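J.: Predicted model follows, preceded by the sequence.
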Protein chains: 2
Amino acid sequence: MSQPDTKSRILDAAEGLFGSDGFHATSLRAITSRAGVNLAAVSYHFGSKEALLEAVFERRLIPLNALRLQRLNRVLAEARVAAHPPAAREVLRAFIEPMLEFRASEPGADAFSALIGRALADADETVRAAFLRHIQPVFLQLFEGLVEALPEQSREQLFWRLQFTLGSVSHTLCMAGRLRILPPGVDQGCDPEILSTELLSFVTAGMEAP
Amino acid sequence: MSQPDTKSRILDAAEGLFGSDGFHATSLRAITSRAGVNLAAVSYHFGSKEALLEAVFERRLIPLNALRLQRLNRVLAEARVAAHPPAAREVLRAFIEPMLEFRASEPGADAFSALIGRALADADETVRAAFLRHIQPVFLQLFEGLVEALPEQSREQLFWRLQFTLGSVSHTLCMAGRLRILPPGVDQGCDPEILSTELLSFVTAGMEAP
DNA sequence: GTCTATAGATTGATAGAC
DNA sequence: GTCTATCAATCTATAGAC
């Protein structure tokens, strides 16, 4: 049981700092210092700061998006067998639950979660483009699933509503532990499972709105 | 009809660049270069980069949030006179429409719009804190309005649903003109008024979900 | 108020010894 | 693979002439 190798230590440190401070505001020195490795190790193992970011995305998003696509395809296949449209809630669940489950699963996952939640709207094109490359196939499949689930709506309308949904999901991934404004009678703590159910109910109702 | 003074030119340039490139990624040199003024003018007129950001927020958010509070209070007052709860849609409209109207009103407003859409989840605490200072009273009044509109829901539940709503609104402010993934049969162009109505329908249905 | 010039710190990246 | 040392570029901020 040796300690993680240099490459993994850098990935872990970068994930945490990119998530909490942002890509641009995180220096390679901050990363290697947290990882306990030499500054030059980043160049040796990854080549550049951008390539490191890409590696941080890949490590989590490849398995996560594969799981999303698998669940999405199962929901659509079952609906086809039953010869009726899939439920919008189940289509959305296939997209949302894997991310929230991952987030609740391991320590440090909330940093990656915040990174992902910010990526879609990030001002930095490096971050945004790297993220879009991974999310594109999932997004397109999710959209077609919603077209099947809600055939009475136009593609245009479904597209905008899906954008609103992505906004809710992204914000949910960012906000945990960062809520500063709490009205009286509201406690910040929230069971991840309840949050997941609430989010799913919210976006399902929004997508199905008359 | 002289050209805008140095202070306004700096504000305009900063607003545009903070919106498109982000606060951290925008240098004072980029701002003064776009504004056509000397680098030292920022220190003279504002004192620091952070103070400049605060001034960029203030110029737009003080009138905008005053309008939001005014509309919000009118909706709540009318409901009190009529002795029935306000409609959730009208409460949400008082919060959402002023921003989207402003955004459609003047050129350059979409840059500020993107800045605001990103601020709530920004990794940079400078940006986030400056924004929260302005949004706090509006947020608290909006929350209490929703408590009145939807009395059958707990404060906790309303709070989370309001967070999801903020996510949708924020993302809407960010995404215009930046949508990279377009499914077949979907055109990026969208009438601002239609987008506003669609967003309002989406979040109202989400807030009212069973 | 506006300018030049520069201080002082930090950045990403790399050359070359071990 | 890991390290030291360093380069060249960039940043915010300011001192001081006009």
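T.: Received the coordinates, thanks.

J.: Might you report the residue contacts of A:Gly47?
T.: Shown in contact with A:Gly47 (Cβ atoms under 8 Å, 6 or more residues apart in numbering or on different chains): no residues. To be clear about C-beta, it is placed using only N, CA and C from the backbone, and glycine gets the same treatment.

J.: measure A:Leu61 to DNA strand C for me?
T.: 21 Å (Cβ to the nearest atom of the strand, to the nearest Å).

J.: give the contact list for that residue.
T.: Counting by Cβ under 8 Å, 6+ apart, A:Leu61 touches A:116, A:134-135.

J.: now swap in A:Leu100 and tell me
T.: With Cβ under 8 Å, 6+ apart, A:Leu100 has these contacts: A:172, A:192, A:195-196, A:199.

J.: Next step: those restricted to helices.
T.: Members of those lying in helices (criterion: DSSP state H): A:172, A:192, A:195-196, A:199.

J.: Spit out the contact partners of A:Thr26.
T.: Contacts of A:Thr26 (Cβ under 8 Å, 6+ apart): A:14, A:17-18.

J.: so which of the contacts of A:Leu100 would you say is closest to B:Ala88?
T.: The closest of those to B:Ala88 turns out to be A:Leu199 (Cβ to Cβ; 18.2 Å).

J.: Please spell out which residues along stretch A:76-90 are buried.
T.: Buried residues in stretch A:76-90, counted by 16 or more other Cβ atoms under 10 Å in any protein chain shown: A:76, A:79, A:85-86, A:88-90.

J.: What does the pLDDT read for the residue sitting furthest away from the middle of chain A?
T.: Largest separation from the mean C-alpha position in chain A: A:Ala83, at 31.5 Å (Cα atoms, centre = their mean). The per-residue pLDDT reported for A:Ala83 equals 97.

J.: neighbours of A:Asp187, just the number please.
T.: Counted with other Cβ atoms under 10 Å in any protein chain shown, the neighbours of A:Asp187 add up to 9.

J.: show me the contacts for the residue lying closest to it once chain neighbours are set aside.
T.: Of all residues not flanking A:Asp187 in the chain, B:Glu156 sits nearest, at 7.2 Å (Cβ to Cβ, 6 or more residues apart in numbering or on different chains). Neighbouring residues of B:Glu156 by Cβ under 8 Å, 6+ apart: A:186-187, A:190.

J.: Switch the contacts of A:Leu100 over to CSV; also include pLDDT.
T.: CSV is the format used below for the contacts of A:Leu100 (pLDDT from 0 to 100):
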residue, pLDDT
A:Thr172, 98
A:Pro192, 90
A:Leu195, 96
A:Ser196, 97
A:Leu199, 98
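
J.: Break down chain A into its helices, ranges please.
T.: So, for chain A - with DSSP H - the helices run A:6-21, A:28-35, A:40-45, A:49-82, A:88-105, A:109-119, A:125-149, A:155-175, A:192-207.

J.: With distance to DNA strand D added, can I get the ones you listed in CSV?
T.: Listed next are the helices of chain A as CSV, based on distance: least, Cβ to the nearest atom of the strand, whole Å:
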stretch, distance to DNA strand D
helix A:6-21, 4
helix A:28-35, 8
helix A:40-45, 3
helix A:49-82, 14
helix A:88-105, 28
helix A:109-119, 21
helix A:125-149, 15
helix A:155-175, 24
helix A:192-207, 36
